[in-house]
Every structure is written in C-alpha cells, then in structure tokens.
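> just need the structure, nothing else, for what follows:
(2 chains)
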Amino acid sequence: MFEKSLYDLIRGLRNHKGNEKEYIQNCLKECRLEIRGQDMDVKATALLKLIYLEMVGHDMSWASFHVLEVMSSPKYHQKRVGYLGAVQTFRPDTEVLMLATNLLKKDLAATTPTIISLPIAALPHIITPSLALSTLADLLPRLGHSHPAIRKKTIVTLYRLALVYPETLRAAWPKIKERLMDKGEDPSVTAAIVNVICELGWRRPNDFLPLAPRLFELLVDGGNNWMAIKLIKLFATLTPLEPRLVRKLLPPLTDLIRTTPAMSLLYECINGIIQGGILGDGEDFAASEEIASLCVSKLRGMIMMNSDANLKYVALLAFNRIVVTHPFLVAQQEDVIMECIDSEDITIRIKALDLVQGMVNSDNLPSIVSRLMRQLRASSSSLAHQKSLQMADPETDSSDEAGPEASRRGKAQDHAPPLPEDYTIDVIGRVLNMCSQNNYANLVDFDWYIDVLTQLVRIAPVSRRKDFDSDSSNSSTHVTTDIAEKIGNDLRNVAVKVKVIRLAAVRAAELIISQLNSESSSSSHPVVSGALKPVAWIAGEYAFQLTSPNDTLGQLLHLIPRIEHPEILTTCLQAVIKLFAHIAGDGQAPWISERKSAISLLMFRIIHVLEPLALHPYLEVQERGVEFIELLKLTAEAATGQAPSTDDVHQDPPLLLTQAIPSLFNGWELNSVARAAQLNVPTPAGLDLDEPIHPNLNVLLAQADSLMLPASDDDEFETYYHQKPLATSITNEPAINRLAEVVEDVSGSYQQAGEESYLDADIIARRKAERLERNRDDPFYIHTPGRSGGASTPIHNILEKENGPGLDIDAIPIMKLDLESLSAGNLGNGMATEKQPPKPKTRQRIVVAADETLSGSGLSTPRNYESENNSDSFTRSKAKKLKASLLQVDSSHLRDLSLDSSRPDDDFAHERQQRDEAEMAQAMKEVQRLRLEMQRANERIQVAQGVPADGIVVKKKKTKKPKLDEGEVSAVKVKKKKKTATATATEGGEGSAAAEPEAVAAVKTKKKKAKRLLQLDDPGAVESQ
Amino acid sequence: MINAFLVFNGQGQPRLTKFYTQLDTSIQQRLISEIFTLVSNRPPGSCNFLPLPPLLAASGTSHSASEPHNDVPSLVTYRNYATLYFIIISTSTESPLALIDLIQVYVEALDRLFENVCELDLIFNFETLHTTLGEMIIGGVVIETNLDRIVSGVRAQGTVAKRPVNESRSTGLGAGLGMGGNFVWHGR
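You can find the predicted model right below:
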C-alpha cells in the first residue's frame, strides 16, 4: 500500500475541483489509519496532512495523542511536525497536554539549538499555569544559552508564561534585566527584550522607570526602527509618571520627527508625544506649543496627502487620541476630517466618525449632521431605487406609474452604492448621540432636530426582529436593537424635556403616524417600524396639541390590526384610549344628538378594532385589550342611555365620558426620571425584603404546575407559537420622496449645503410654512413679496419715524468692549491665529428639562443626563460583562505582581501570599483529615461485613480486589472532597477579605491559585491510582 | 501584541493560519471568512486597515475610542500581494505602519528562501511558512525584523524544499508576488 505524501494530497485536492469534500473525507479516513500505524515516518506524514486539512477547517482534535507520539520522535524533522501539530491544534481542553510536560522538559534540555527552540516556540501556544510552573525551571537557564536566537525566543516565551503564571517574572526578571543592561548583548536579543518590556510596560509602568536611562540610550543610538518605535511607545506610558522625562525626551523626539525617513517612526514619535501627555504640558509653554503645532501640522499633512490612505488612517487614529485631551487642536482640522467622512474607504470613514463624535460642539453640529444625513439619504434612495427596479417588473400591469417612472429615474440618477446596513445603523446611532449628549447641550435649533428625526425615521433600515415569539418575560429584558425605535425615543425625549418645542414634536409624531399609515395601507404587510411605539405615545400623551386628534385616532386604529410586535401594540392601545378620552371627554361641549352619535360610532369602531386583541397571545396586550373593551362597552351603554339635549331640555353628557375616563390619564405631567433615581427611594422601615411573600410559595407553585389547562383549539395561538413570522419586506418610500428628488436636481444642485439635500421635500415645506408663521411679526425677516406690505418699507423711513429728524449722535450708547473675556477666549483657542473662530450664534433660549432624581443620597449616577432610553451606555456596560474577546490574551494577573521588592505594596503581596499559603495548608489538612476518616470508615465497613478474623489469611487473594476497588472509590471521593474543601476555603477567604475593599483583586488570584494547585494535584492523583 | 497572522488567497482559501491564542477550528474558519469578505470588498486605493470583523467587534469594542483597552484585538492590518492576502490581527499597542512593514519583511524573507516566491511555493511548503513566521514572531511578540537573520534562522533548521519540478509555474497563479510595487516607507 502506498501512502500519500502531503504533496500528493495537495495535488489531489487541486485535481478534484468540484468534489473536494468527498476527496477530503477519503483522505481523512486514510490519515486515521496511517496515524495509528507503527511506522513513525508514515505517522508524521499523516500528521502533516492532517495539519494541512485542519488549516482548511477539518477538526483534528481526535488526533491529539498521536501528535504527542510524533512530538516524542527522536528524529528532528518528525519532531518538528509533531510540535507544529501541537501549536496548531492543541486547545485548552486538550487532555494529553498533561502528558507532554516531561517531553517538553526533556527537549528544553537538549543540546542541539534547533531542538531546544521547538518547545520554546510551542510553549506560548499551549501554556497553562501548571505547565508554566513545571517548565519554568528548565526555561530559565536558556536565557544564558550561547545562541542569541535561543535567548531571544526564551525571553518572549517567559513573558507569555508570566501572563498565565505571574510568579514567573519574579524569577526571570533579574536575568532579563541583566541581559538588557549588557551592552555587548546581541542587538536582536536587546530588541526582543525591549518588545517584551513594551508589552509589560503599559501594565506596570512603575516597575520600568528605573530602566529609563538605559532605554533612553537605546533610543538615541539604536539603529533599529522597530525597536525605536517600541521604545517610544514605552516612554509614552512612562512620562505621565515621571514628568522630568519629558524634557529629556523632547530633543531626540523632535530630532527624529525632523530627520527620520521612515514614516512609521515619524508617526510613532508624534503618537508618543500625544500619548505621553507631552502636548501642552504646562511647564514650558513655548516649547510645548511649538511641538504641538509641529505634530498637528504633520498629522494634517498626512491627511491631506491624497495619495496614501494609510497615512490618512493613522492620522485619524492619532487625532482620536488628541481629541480626548485637546479637542480644540482637533477642531481646527475640521475641514480635512470632514472630508474623510465622505471617503470611499469604510475604515477611514468609521475612524473619522469616531473623531467627529468627540469634537462636536454647538457650532459645527448642524454641518456635521447634515453631511451624515446626505450620505444616509443618498444610500437609502439608491436602495429604494434598486428595490423599485426589482418590483417594477412584476407590477407593471397592476400599478401603471411605478414601472415607467422607476426606469426613467434609473437613467437619470447615478447614486453611490447603498451603504451596508450595520454602517447605516451605526451612523444613525451616532447622529442621535451627538445631538442628545449632555442633555442636548450642543443642540441650538430644536426645530431642525425634529426635522432630522422625522427624516431619519424614513431612512432607518427596517430591523429584522427575530424574537417575536419569545415570551413576555424575555422580551421585556432584551435591549432594543431597533434603530427606528431609538429615533422615536429621541423624539419622545425631546417632546417630554423641551416644553417649548413640544408642539413641533407632536406635529412630527402626527406626520410619522400618517406616513406609516399611508405607506402600508396599500399593501397588507405588517407594520414593523419600531418608531411607532414612542410616536404613538407622544400622540396619546399630548393629544391636546394634535392638529386633528380624530384623524390620528383613525390612523392608529387603522394601524393596530397590522402591528406584529406586542410591545408596540400595548403602547398603541394606550394611545388610542388617551386620544379617545381627549376627543370625547370635553365636558363643556353640549350633549347634542350629533355629538352623541359621533361618539357612539367612534366607540363602536374602537371596540371593533380591540375585540380581536382580547384573544391576543401576549398577556399584556390581552389584558389591556379586555380592560378597554369593557370600559368602552360600559361607556357606550351610558351614552346611549343619556338622551341628547334638545333646544329646551339641557342634558349633560354622561359622567363616565367626561369625568371618569379622562381622569384615568390626567394626572401629573410626566417628566423624565434619571435612571438611578429608583435606587434613591428609601426603603420603608417595616419592609423586610428577605421575608417570603407567601409561606407556602413552593406548594402554590407546584399546584399551579399541575393545573391542567384546557387545550385550546384556537388557531391563532397555533400560528403565534408554531409558525414563524413572515419575512417582512422593507417598507417602500412614499411617492413624495421620488418627487422630491426630481425637484432636487433642478434647484438644489448649486447649493450643496442646503437642507434640501438631506430632508424630504414635505418636511422642508412644512418647516418653511412654520417659519413664515413664526416670523410674520419679526421686522428683521424679509417676507416674500405679496405676503405682506411690510417688506417694502424703506429702512430710512423707519429710522426717521423712530428718531425724528434731529439725530443726536451723543445719544447713541457706546458699548463697552470686554477685552478680558475676549483674550481669555483666544487663549482657550490656542493657536487659532490664522482662522477667526466663527461668531457664536445667539442661542435660542430653550430650557431642556433635566432628568428628575431624588436628592440626598450619592447613589445616583453622575451621568444622570442619560435618560432611560439612551440604552447605549447600558448595552456597553452589559457588553463589558460579556466574556473576554476572541483572541484576547488576558494579562490582568500581571497587574497584581510587583517586581520591585522595596515597594510597599509588595508587603501586601507578600502578606497575601502568606495568607494564601496558610489557607492552602489548612485545606490540605482538611483533605488529610477527610482521607483518614474515609479510610477508617472503609476499615469499619470491612469489619462490619463480618470477615472472620481467622479467614483473612485464607481469603487474602479474594479480598484484595474489592479492597482495591474500594480504595479507588475512596480516592475519587477524596478528590471530590478536596475540591469542595478548597472551595470552602476560598469562600472563607472571600468572606474575610470582603472587609478590605482593596482585597477583591487579591481574592481573585487566590481563587485561581487554589484551582491551579488542584490541577497540579489531579495528575498526581491519577498517577497514584 | 499580535493575536493572529493569516495568509489566504483571492478565493479565501487559507494558506497559513497562526493564532497566538487557542481557538476552536470552526471559529478560526469563521473569522477567516469574515475577514475575507471584508478584504475582498475594498475599493481601490483604500488603506491597509480593516474595520473589525463582526466576530471581534461583537465583544464590545465598537466604541473603542471611548474606552481603549490594550488587551483586546482591535487592529486588522492586511496587505495584498498578487493572489495572496496577508493579515495581521493585533492589539492597539502595535504600531499600524510598522505592521505593514512587518508583512513586507515576511514576504521578502519568503522570496529569498524560495527565490522568486509564488503562491504554489506556499501551498506545497506550508511547513516552511510556519518556520519563517516562527523566526519573526513568537507567542505574538516580534523577535526579529532583520531579513538576513530571519533567512539564516530558517535555513539553520533544515533545507527549504523547492517547488515540485513537474508543477509548472504557468498555472495561472501569476509569477512572483510582485513585491515592492506600492511600497512607500521603509521602516524596520
């Protein structure tokens, strides 16, 4: 039988295009056979083939033992394959790793350098704390190996050991330091040490301050750019701790910036200056200003340089760091940064967006947002364009205008390709954040913002909610991901918080509802826009500000049967009743027959819509539905019972209608409440939260479980629970959008910055009408001719009328110039000499209500401007709790270790270690005691079994086996007990440590250590069996 | 530090995968395919850095600007040579421009070892790819950037196989990886 070589395998793969899967399965079968054979050569070749297939995605964890076999081969080229297999395929749960320890130790002590470097290179990939502990002693001497290649690899491997087993550094650090200080050391070893120190540096910068002179020396006369970059990065973490370093570093850094031909080094110098906090350091103002301007101008040059996108990217990265500390420096570069937002390259775009979010202020907010809006609009219209093209074909005969129009537009417009959906969502989220941050501090023109929000609702991509059929408890906890809902929430926040603008917000809500209604009325597909929920709430809560509550109510009623998501439905139900209460609850209007019939009709209409919801599978909807139906039925009865007033007999409308229902909703005005406010509510004195609500809760629950529910044959339940919701199609844009674009081509083309380019025509028209209305009496507003005669009045006429003919010049008041405040403003602007800062707009006096909170206790979060719906920070904090990132190497253990023995916190560490040891000793004692007890119990059992004393000798051979078995069992038991014992030990430790707030981290490591020891113990236990 | 070093071709077939943390094979493949979709959709003239693939972004670094965390992989650097893509996933503590250089060094080293390297060499000698990478990066930390030392380090570990003779170069994979074309800075 001839085995395939790796070469044959790869050739075979290339020759079997089309049915590779089958071929690979055959190969895997062969490999399975070959790797089990005795011939080492065949084994190694099979392993190599498997590693190749693993790269393509075929799991080979089953072969881990064979990997070990090949690793232990005496031949170098086979050993190498084995080690490669270990590196590529060993995972944290690979069990044979336990068996590899001795092999690794042996190979580390080999004489040939090529063999030594195999385990050194493999260790970082397979390291565990116990493996680190056992190989450390063999690895340390390799630091002094005659081959520099071995030395540098060992240094890095020791670093990786330290990440899982921090104690490594205690032993290894003095030796590494010695190597670093040695000027005769091979430069590549020094470079490797610098790399490692740089990795360690940002975790424990304090420990590396004493090395600064030597590192500085290396920076000045080292010819290695890679090392220089690392050194600069390291110094950037050191300078905040030792300000004197700054003065020392500035000359060589400035020198490097001016002379180096390597762009990467130049960039890192600038970056180092930024990160090290050297910019704008108060001590030496002139020098720091010089370096700041040098850096910023270089960075600006990087962005401007049109040829190289990489430089653009890194410059944006650097600006992103500067913006945290020196926002004004970045704000001066607004022009170039804004260009990056429109870049074709999505990486650059995202970075620019990050940056823009940091530098936004009330002056540039509108321009930034409008730029983003233009992007979004262009993308959404091209998306709609694509859609309409797709839809045009089947629909040509049904709708006679969509087809030809769409194809006409297809020729006319040449839009950029639509943006990816997650990017669109990201941008919308950022727009909302920018506008709403710090409780809308940057927002001047709320009318404009409401228009933007209205437009965003139309642009927002439709979310694909997948969790319809999750039960109520689940869906209430899940964080809203629907961007449309976020937009709606922001509109609601504005409506609640900014009273001046509430009217406009309500109008916008009205518009959105009618739009949602009109765009989905033609087709029967369900309403999915999450914006409906908050928008319906606005309409209900501020019903008295609606232009036509009747119309809105009608539209909502029209929408309700097509709403799929139960949470939207509950809000809409509530809104419907609120609207009804507003319409019908007027106590002053006479109760005449028209009113009576209108209201009765309305009630029957509502009842008709709500009736199906009484059977809704979502409980909240069902409850509200039933409540409102009953209430309305009652009211309808009362209304029919009350005869209408005629000309002579006055009749009051039924009290249920005018008093009872409105009073359900007319309470206090709702204000936004800070998220932590609930925490500040003091617990009542008599309340014991630990007390069970019902003494026999379990019994009750058990009863409820056993209760048989009658099987329902209602198929709505069936469909709800067992059928997936239909795939929802993206809602069409209304026809008016298409019209608007045609107009845009004619009028908006010369004025890029105009709102026309990102707001739909109807929004703008509404806006204009409103503005006209508002400014009718404003003398500074020039009206369009024909609207009023005031515009044509010559100015001097007014002046003459006002001042009279004799003008007294002295009477003109002289304004005092406040120079002090002016210069202060200039100082703040830094070096904004060539560019005059734009005049701040007179800010509209708009009161934005802050979130309400209970004062008096410190529990409330400092960020109480975030109202409950800014779920962003919430999700972030949630994300933090999620498991660590993929690929991430956790280095948090390192932070607890100190290298400098003279440090006071080292005493603490030492103490902790002692405590640890004491604890472990105690645990071990406990284990010993348990083991002894078990043994005694065993003996007792034997005695109890009535083995005759004289029979022992005879039956010795027979009893031996069960005895052994029992021994095994007890060993297992002991192991278990051991685990629990240590667990309790650590728990105890936790309890005692809880007293010291600082000791939390300590407890963590302690726990880990305990676990580690356990792991160490386990193999021993296995062997002893 | 460097979290992963990947090489795949224009069809997304991996040629070298090296993860410096242990990761399930299936997740590795998912990550590779996610990066491949990102990398293959780049418009011409865009920069050598990718936005984070969903798999990495999902772990909570989308707002990286607000809370930089140095342990989390947050930088994906790539370079395209002829039919091949070279990818480095790293944390924010690495220098982006230097990583581009590092890829260049790697490719130059391969070029020296194979004499005018092409994708075929990499396909048939993936063990050498690993050895070469092992001379440059250990456990995610760069240990060598000098071309001569890297090449001699690889040669010390055994002869580098030449490409199979009967496998002609005219298999449509293009001759050579066409290095140095758009190389702007010379770091190292």
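> helix, strand or coil: sort out B:Glu144 for me.
Assigned by DSSP: H, G, I helix; E, B strand; the rest coil, the conformation of B:Glu144 is coil.
> touching, it and B:Met136? I think so.
Yes - the pair B:Glu144 and B:Met136 qualifies as a contact (Cβ atoms under 8 Å) at a distance of 5.4 Å. Any C-beta I mention is one placed from the backbone N, CA and C, and that applies to glycine too.
> kindly export the helix or strand hosting A:Leu355 (C-alpha atoms) in CSV.
If you go by DSSP states H and E, A:Leu355 is part of helix A:346-359. In CSV, the C-alpha atoms belonging to helix A:346-359 read as follows (Å, rounded to 0.1, in the frame of the first residue of the first chain):
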residue,chain,number,x,y,z
ILE,A,346,-15.2,52.5,5.2
THR,A,347,-12.3,52.1,7.6
ILE,A,348,-11.4,55.7,7.3
ARG,A,349,-15.0,56.7,7.4
ILE,A,350,-15.6,54.9,10.7
LYS,A,351,-12.4,56.4,12.3
ALA,A,352,-13.5,59.9,11.1
LEU,A,353,-16.9,59.3,12.6
ASP,A,354,-15.3,58.4,16.0
LEU,A,355,-13.4,61.6,15.8
VAL,A,356,-16.3,63.7,14.8
GLN,A,357,-18.2,62.5,17.8
GLY,A,358,-15.5,63.8,20.1
MET,A,359,-15.2,67.2,18.5
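> which secondary structure elements does that helix contact?
If you count contacts as 3 or more Cβ pairs under 8 Å, 6 or more residues apart in numbering or on different chains; DSSP states H and E, helix A:346-359 packs onto helix A:309-325, helix A:327-331, helix A:334-341, helix A:421-440.
> CA atoms of the first one as PDB?
Extracted as PDB, the C-alpha positions of helix A:309-325 are listed here (Å, rounded to 0.1, in the frame of the first residue of the first chain):
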ATOM      1  CA  ALA A 309      -4.800  56.200   2.500                       C
ATOM      2  CA  ASN A 310      -2.800  54.500   5.300                       C
ATOM      3  CA  LEU A 311      -1.400  57.800   6.500                       C
ATOM      4  CA  LYS A 312      -4.900  59.200   6.500                       C
ATOM      5  CA  TYR A 313      -6.000  56.300   8.700                       C
ATOM      6  CA  VAL A 314      -3.200  56.600  11.200                       C
ATOM      7  CA  ALA A 315      -3.500  60.400  11.300                       C
ATOM      8  CA  LEU A 316      -7.200  59.900  12.200                       C
ATOM      9  CA  LEU A 317      -6.100  57.400  14.900                       C
ATOM     10  CA  ALA A 318      -3.800  60.000  16.300                       C
ATOM     11  CA  PHE A 319      -6.400  62.700  16.200                       C
ATOM     12  CA  ASN A 320      -8.700  60.300  18.000                       C
ATOM     13  CA  ARG A 321      -6.200  60.300  20.900                       C
ATOM     14  CA  ILE A 322      -5.600  64.000  20.900                       C
ATOM     15  CA  VAL A 323      -9.300  64.800  20.900                       C
ATOM     16  CA  VAL A 324      -9.700  63.400  24.400                       C
ATOM     17  CA  THR A 325      -7.300  66.000  25.900                       C
END
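> give the other helices and strands that that helix contacts.
Using 3+ Cβ pairs under 8 Å, 6+ apart, helix A:309-325 sits against helix A:263-275, helix A:285-304, helix A:327-331, helix A:334-341, helix A:346-359, helix B:96-114.
> now with 10 Å, please.
helix A:263-275, helix A:285-304, helix A:327-331, helix A:334-341, helix A:346-359, strand B:49-50, helix B:96-114 (3 or more Cβ pairs under 10 Å, 6 or more residues apart in numbering or on different chains; DSSP states H and E).
> may I see the buried residues of that helix?
A:309-323 (16 or more other Cβ atoms under 10 Å in any protein chain shown).
> and for the shortest one?
Counting neighbours by 16+ other Cβ under 10 Å, one finds that the buried residues in helix A:327-331 are A:Phe328, A:Leu329, A:Val330, A:Ala331.
> what of the longest one?
Of the residues in helix A:421-440, A:423-428, A:430-437, A:439-440 count as buried by neighbour count, 16+ other Cβ under 10 Å.
> now, among those, which is nearest to B:Val117?
Of all the buried residues of helix A:421-440, B:Val117 sits closest to A:Tyr423, with 36.6 Å by Cβ to Cβ.
> grab the nearest non-local neighbour of A:His125.
With sequence-adjacent residues excluded and distances taken as Cβ to Cβ, 6 or more residues apart in numbering or on different chains, A:His125 is closest to A:Val87, at 4.5 Å.
> secondary structure class for B:Ser90?
Secondary structure, three-state DSSP: B:Ser90 is strand.
> re earlier: now the helix holding A:Leu355 against helix A:334-341, angle please.
140 degrees (axes from the mean of the first three to the mean of the last three Cα atoms, to 10 degrees).
> so for helix A:346-359, mean pLDDT?
The average pLDDT within helix A:346-359 is 84.
> contacts only, for the residue positioned nearest the centre of chain B.
Nearest residue to the geometric centre of chain B (Cα atoms, centre = their mean): B:Phe86, 3.2 Å. By Cβ atoms under 10 Å, 6 or more residues apart in numbering or on different chains, the contact list for B:Phe86 reads B:5-8, B:15-16, B:48, B:77-80, B:100, B:102-104, B:106-107, B:177.
> keep those, but drop any that are not near chain A.
By Cβ under 10 Å from any Cβ of the partner chain, the members of the contacts of B:Phe86 lying near chain A are B:Val7, B:Phe8, B:Arg15, B:Leu16, B:Asn48, B:Thr77, B:Ile100, B:Leu102.
> now the third one: closest residue in space, sequence neighbours ignored.
So the one you mean is B:Arg15. Nearest to B:Arg15 is B:Val7, by Cβ to Cβ, 6+ apart, at 4.4 Å.
> and if you look at the second one?
Using Cβ to Cβ, 6+ apart and skipping residues adjacent in sequence, the residue nearest B:Phe8 is B:Pro14, 4.7 Å away.
> likewise for the fourth one?
Nearest non-adjacent residue to B:Leu16, counting by Cβ to Cβ, 6+ apart: B:Val7, 3.9 Å away.
> which of the ones next to chain A among the contacts of B:Phe86 sits closest to A:Ala660?
Of those, the one sitting nearest to A:Ala660 (Cβ to Cβ) turns out to be B:Thr77, at 68.6 Å.
> can you map out the strands along the chain?
Going with chain A. Taking DSSP state E to define them, one finds no strands in chain A.
> if you could check chain B rather than the one you did, that'd help
Assigned by DSSP E, chain B shows strands spanning B:2-9, B:14-19, B:49-50, B:73-81, B:84-91, B:137-138, B:141-142.
> most tightly packed of those strands?
strand B:137-138 (a mean of 26; mean count of other Cβ atoms under 10 Å in any protein chain shown).
> any residue of it up close to chain A?
Yes - Strand B:137-138 comes into contact with chain A (Cβ under 10 Å from any Cβ), by way of B:Ile137, B:Ile138.
> does B:Leu23 really touch A:Arg91, like I thought?
Yes - with contact defined as Cβ atoms under 10 Å, B:Leu23 counts as touching A:Arg91 (7.8 Å).
> out of the buried residues of helix A:421-440, which touch chain B?
Near chain B, judged by Cβ under 10 Å from any Cβ, the entries from the buried residues of helix A:421-440 are A:Tyr423, A:Asp426, A:Asn433.
> redo these as TSV? Include pLDDT.
Output for these, formatted as TSV (pLDDT from 0 to 100):
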residue	pLDDT
A:Tyr423	80
A:Asp426	83
A:Asn433	87
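> turn the residues you listed into a markdown table, including distance to A:Ile291.
Below are these laid out as a markdown table (distance: Cβ to Cβ, whole Å):
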| residue | distance to A:Ile291 |
| --- | --- |
| A:Tyr423 | 36 |
| A:Asp426 | 35 |
| A:Asn433 | 33 |
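> and of those residues, the nearest to A:Glu289?
A:Glu289 lies nearest to A:Asn433 out of these, by Cβ to Cβ, at 32.5 Å.
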